[in-house]
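In: Predicted model and sequence below, questions to follow.
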Amino acid sequence: MSDFIQENEAILRLSVFMGLFVLFAVGEALFPRLKRKYNRTQRWFANLSLMACGGLIVRIFLPFVPVAVAYYVQEQGGSLISLNTGQGPYLIFLGIILLDLCIYFQHVVMHKVPILWRLHKVHHTDLDFDVTTGLRFHPAEIVLSLLYKIALVVVFGIDPLAVIIFEMSLNAMAMFNHANLKLPLGFDRMLRLVFVTPDMHRVHHSQIKCETDSNYGFCVSFWDRLFKTYRDQPSKGHEAMEIGLNEYREAKYLKLIELLIMPFRR
Ligand SMILES: [Zn+2]
């Protein structure tokens, strides 16, 4: 199984991405949680174009991706703090959990450091919340995030399989927890004991600052509970809450060019 995943990594990633994107897009069209307020065609074009720009810039400017570095570190026989002292599923699991914890911290830092918030706020200026919001990140944030993951792989010597599984899970969970998907409330309660659900992550996209400063997790929900950043529900309720940022309410911020230059505006 692990050999199959490693040998077919690229096609697996693309298939899982495409399959889940269609699944969540159809799911939110059939069972929407909230009514859309803005033009979907315009938003989707902007969000998906931004994702394509990110992919292109990574290909042009980043010679290595985390998984390639993980193979290299493994071939060289170790890292600064090696987790690869043996073999076994628990090392894969440990690598995945460690990466998820580090991505939680990365997300907190993206909010707290002003120059990084300039990049991350592009994600938060989406005025509706759906599967494409989970793909709306400024290319510079994507590059920084990849460099951060590469550094983690070098420092901890994370197994390449753990890197592949984690990156696929992160991509899948980002689409799931941004989906405008109506889940039965009891199922949401049960699921969010372990995983981040759309209702849980929507709180993080609230216009109210203390709500934006909560629910930073992408995959598992317990980092927010552990570090006291967990918030159960938005104060106004999901139907009445405003999505986005106060200072970016104009429809022009749904255009690709505005999103690309947003971090560099005074
Ligand atoms: Zn955020």
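Out: Received, thanks.
In: Can you tell me the closest non-neighbouring residue to the most centrally placed residue in the chain?
Out: By CA atoms, centre = their mean, the chain has its centre lying nearest to Ala174, at 4.2 Å. Distance criterion CB to CB, 6 or more residues apart in numbering; nearest residue to Ala174, sequence neighbours excluded, is Gly134 at 3.9 Å. (Each C-beta comes from the backbone N, C-alpha and C, glycine too.)
In: Ala179 versus the one you found, what's the distance?
Out: Using CB to CB, to the nearest Å, one gets 8 Å for the distance from Gly134 to Ala179.
In: Ok, Ala70 next?
Out: Counting by CB to CB, the separation of Ala70 from Ala179 is 29 Å.
In: still on that earlier bit, list the residues that contact the residue nearest to Ala174.
Out: Counting by CB atoms under 8 Å, 6 or more residues apart in numbering, Gly134 makes contact with Ala174, Met175, Phe176, Asn177, His178, Ala179.
In: can you do 6 Å?
Out: By CB atoms under 6 Å, 6 or more residues apart in numbering, the contact set of Gly134 is Ala174, Met175, His178.
In: Show me what the helix ranked longest in the chain is packed against.
Out: As assigned by DSSP state H, the longest helix anywhere in the chain is helix 89-112. Packed against helix 89-112 by the contact rule (3 or more CB pairs under 6 Å, 6 or more residues apart in numbering; DSSP states H and E) you find helix 114-124, helix 160-178.
In: Which strands and helices lie in contact with the first one?
Out: In terms of contact count using 3+ CB pairs under 6 Å, 6+ apart, helix 114-124 is assigned the packing partners helix 89-112, helix 139-156.
In: Could you export the first one as PDB, keeping only the C-alpha atoms?
Out: Backbone C-alpha positions of helix 89-112 (Å, rounded to 0.1, in the frame of the first residue of the first chain) are rendered in PDB as follows:
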ATOM      1  CA  PRO A  89       3.200   2.900  10.900                       C
ATOM      2  CA  TYR A  90       3.600   4.800  14.200                       C
ATOM      3  CA  LEU A  91       6.400   6.900  12.700                       C
ATOM      4  CA  ILE A  92       4.200   7.800   9.700                       C
ATOM      5  CA  PHE A  93       1.400   8.700  12.200                       C
ATOM      6  CA  LEU A  94       3.800  10.700  14.300                       C
ATOM      7  CA  GLY A  95       5.000  12.600  11.300                       C
ATOM      8  CA  ILE A  96       1.500  13.400  10.200                       C
ATOM      9  CA  ILE A  97       0.400  14.600  13.700                       C
ATOM     10  CA  LEU A  98       3.600  16.700  14.000                       C
ATOM     11  CA  LEU A  99       3.000  18.400  10.600                       C
ATOM     12  CA  ASP A 100      -0.600  19.100  11.600                       C
ATOM     13  CA  LEU A 101       0.500  20.700  14.900                       C
ATOM     14  CA  CYS A 102       3.100  22.800  13.000                       C
ATOM     15  CA  ILE A 103       0.500  24.000  10.500                       C
ATOM     16  CA  TYR A 104      -1.700  25.000  13.400                       C
ATOM     17  CA  PHE A 105       1.100  27.200  14.700                       C
ATOM     18  CA  GLN A 106       1.800  28.500  11.200                       C
ATOM     19  CA  HIS A 107      -1.800  29.600  10.900                       C
ATOM     20  CA  VAL A 108      -1.700  31.400  14.300                       C
ATOM     21  CA  VAL A 109       1.500  33.200  13.300                       C
ATOM     22  CA  MET A 110       0.000  34.200   9.900                       C
ATOM     23  CA  HIS A 111      -2.700  36.000  12.000                       C
ATOM     24  CA  LYS A 112      -0.400  37.600  14.600                       C
END
